[in-house]
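[1] Test case, fold it:
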Amino acid sequence: MPNSQIRIYTQKKQGEEWLRRYRGCLPVFGCVLGFTETGLIPGISAAGRTPEDRKYTACADAEFLYYGPEHKPQNPLPPLAAGASPVLISRAVFDSLKIPVHLFNAGLPHPPAVPLIDLGGASAKCLSGGAAMEITTVHHLFKQGLLWGERLAANMQQSYVIFGECVVGGTTTALAILTALGIDAAGKVNSSHPVCNHAQKWALVQAGLEKMKGSREQGAGGRGQGEINFQSSMQNSVDPLELVAAVGDPMQVVIAGMAIAASRSCGVMLAGGTQMLAVYALMSAIAQAYALSWQPEAVVIGTTRWVAEDPTGATVDLALSLEKGNLTQSGRTPPLLATALSFADSRYPQLRAYEQGFVKEGMGAGAACIAAHLSQNWQQDQLLAAIESQLERLSTAIH
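    This is a model prediction of the structure:
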């Protein structure tokens, strides 16, 4: 019987099959940290009160995820307008269940004070310029993604891997990638605000895509090196990796590579909402453009119900739109799963703020809860107790 703690919003049959297959399994977690200067625009994101705070959000989340609340961090969790970082949720689960965590730096302005794997990437410029990253960096990161996806999946044949992210401003780059892939995503993405700032995001995306079109008309892209022939087989069409270079962020292409490679040998849960729908669309487009094999039925998206049911976004509608993209014909709608976790009865106002739409997801929070339901059959009360305990220990450590 499916777990009442996990909701399935799209592809119900495939989602139930996936959950049945991995019930009782412990996953590994790979978290890719990246940065886009899009996140520094005033008002674009609530993940850190000021643009300066937002430069360190990923560092702070990585430290907390790795070391927990008692550690004196080099970068403390940034103050939010309301609520508490979703990393509290991920840490509570991964710590209790002893799920291995691997952190990857895909391109941060400042490296976090934790053991991590540096992928040799770079932060992205603001997407509104239409030239967010060098194409050579994107090719390099994609190859690193394929390599690490294969490595993380190596001993997981009977289980699954979770790929999560931390990119401030990442729902805006997600909107850009989805739109560039021909998917009708305007007004459907989520944000860290209680009411999504759709107009602001859309204006930036339109500016970036206009600039991209302008520079594409001036000259065709060069050829990359390595075992993948980066000369797309799609004639007269847009190369998805060039789209990432124009309007994306470094995390997207890394997780696309990781998930394509991992899907060949084990289950994959993409941890997040809008951003992972963009990664899924990107995987379809890349696999098609470069004739790469992958297993779409091995891949699900796992998030929180605050994302899946966000009244100011349209996550389910967005998931259903993926099959309508003009560059993602090989793709389809992925199963969209969410934890039914509620903070309505929490004794902490920072957690109750989630129910008002402040903070919704990040650092694999939703997927972590799904993993706890799946492997240990954790219910609402166990999850809430574990998360509140993290918050309590954090408040004690601070004071």
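
[2] And what about the nearest residue to residue 23 once chain neighbours are set aside, helix, strand or coil?
    Spatial nearest neighbour of residue 23, chain neighbours left out: residue 374 (5.6 Å); criterion: Cβ to Cβ, 6 or more residues apart in numbering. C-beta: built from backbone N, CA, C; applies to glycine. Secondary structure, DSSP: H, G, I helix; E, B strand; the rest coil: residue 374 is helix.

[3] Does residue 287 touch residue 281 like I think?
    No. Using Cβ atoms under 8 Å, residue 287 is not in contact with residue 281; the gap is 11.0 Å.

[4] quick one, which of those two is more surrounded?
    Counted by other Cβ atoms under 10 Å, residue 287 and residue 281 do not tie: residue 281 has more neighbours, with 31 against 20.

[5] Identify the residues contacting residue 34.
    Each residue near residue 34 by Cβ atoms under 8 Å, 6 or more residues apart in numbering is listed here: 58, 106-108, 121, 123-124, 165-167, 170, 249-252, 254.

[6] switch to 7 Å and redo it
    106, 107, 108, 165, 167, 249, 250, 251 (Cβ atoms under 7 Å, 6 or more residues apart in numbering).

[7] Between these, identify the one with the most neighbours.
    residue 249 (35 neighbours).

[8] and residue 154, how many neighbours does it have?
    The burial count for residue 154: 11, using other Cβ under 10 Å.

[9] and the gap between the closest residue to it other than its chain neighbours and residue 15?
    Nearest residue to residue 154, sequence neighbours excluded (Cβ to Cβ, 6+ apart): residue 265, at 7.7 Å. Residue 265 is 20 Å from residue 15, where distance means Cβ to Cβ, to the nearest Å.

[10] And these two? Which one has more around it.
    residue 15 (22 against 17).

[11] Now the more buried one. Its backbone dihedrals?
    Main-chain dihedrals, residue 15, degrees, to the nearest 10: phi -60, psi -40.

[12] Determine the number of other residues adjacent to the nearest residue to it once chain neighbours are set aside.
    Take residue 15 and drop its neighbours on the chain: the residue closest to it by Cβ to Cβ, 6+ apart is residue 335, 3.4 Å away. Residue 335: 23 surrounding residues under other Cβ under 10 Å.

[13] ditto for residue 342
    Residue 342, neighbours per other Cβ under 10 Å, totals 17.

[14] does it sit in a helix, a strand or a coil?
    coil.

[15] Next, it: phi, psi?
    phi -130, psi 140.

[16] Name the single longest helix found in the chain.
    Longest helix in the chain, counting residues (DSSP state H): helix 198-218.
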